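Participant: For reference, the sequence and a predicted model appear below.
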Amino acid sequence: MNILGIAGSIRQGSFNQLALRAAQGLAPAGTTIETFDIKGLPGFSQDDEANPPAQVVELKQRIRSADAILLVTPEYNYSVPGVLKNAIDWASRPYGDSAWTRKPVAIMGASVGTLGTARAQYHLRQMFVFLNMYAVNQPEVMIAHAHKHFDEQGNLTDETAKKLIGQLLEELVGLTKQLAK
């Protein structure tokens with residue numbers, strides 16, 4: 001099974017990129033998590049959707065070829081970062097040609113704040129309704145105070161977070177298999 005992982009932060013040293021890397025190491029047997037870097041995606045414009053940039057074409061192809069999606073999001077201003085929302089918008093357009101349709105998806109996130117990306121994750125869940133995606137509901141993986149849970153080499157050190165990520169990935173794999181029947 002192939003999961004496409006997308007980190008919603010483009011910052012070098014991002015806790016969410018580190019969490020995505022941790023997820024790659026915690027993937028269930030027989031499962032791989034490949035990543036797509038959204039850095040450099042131009043801002044979405046409907047003027048360009050009929051002839052999208054090459055990076056957008058690749059993003060949509062990678063989403064379509066993946067069995068499932070893992071979104072790893074920070075929280076900016078109580079919501080989803082603009083760069084992640086931009087990638088979601090590009091891959092959903094033009095209307096009627098969304099790469100997200102009927103994809104199983106799981107969400108996790110890391111933040112230095114107390115709520116660990118709760119609001120951003122709930123906003124993503126709202127988007128999934130329109131995008132017609134199938135979301136894993138539990139466990140919720142919200143790594144609060146992320147700066148305390150990664151070592152200097154960027155390794156996730158929190159055992160509870162590792163356990164929850166492993167469970168989340170197991171649920172995603174299970175949902176994906178169930179939907180494939």
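Facilitator: Thanks, I have it.
Participant: where along this structure do the helices fall?
Facilitator: Along the chain, the segments classed as helices by DSSP state H run 15-26, 54-65, 82-92, 118-131, 159-180.
Participant: And those helices: which comes nearest residue 102?
Facilitator: Across these, the minimum distance to residue 102, taken as C-beta to C-beta, is reached by helix 159-180, at 7.5 Å. Heads up, the C-betas are built off the backbone N, CA and C, glycines and all.
Participant: Could I get the buried residue list for the closest one?
Facilitator: 161-162, 164-166, 168-173, 175-176 (16 or more other C-beta atoms under 10 Å).
Participant: and what of stretch 114-133?
Facilitator: In stretch 114-133, counting by 16+ other C-beta under 10 Å, buried: 116-121, 123-124, 127-128, 131, 133.
Participant: picking up where we left off before, quick one: which of the helices of the chain is nearest residue 153?
Facilitator: Using C-beta to C-beta, the nearest of the helices of the chain to residue 153 is helix 15-26, at 9.5 Å.
Participant: tell me the average confidence for that closest one?
Facilitator: Averaged across helix 15-26, pLDDT comes to 98.
Participant: Just the endpoints, please. Distance across stretch 130-140?
Facilitator: End-to-end distance for stretch 130-140: 21 Å, by C-alpha to C-alpha, to the nearest Å.
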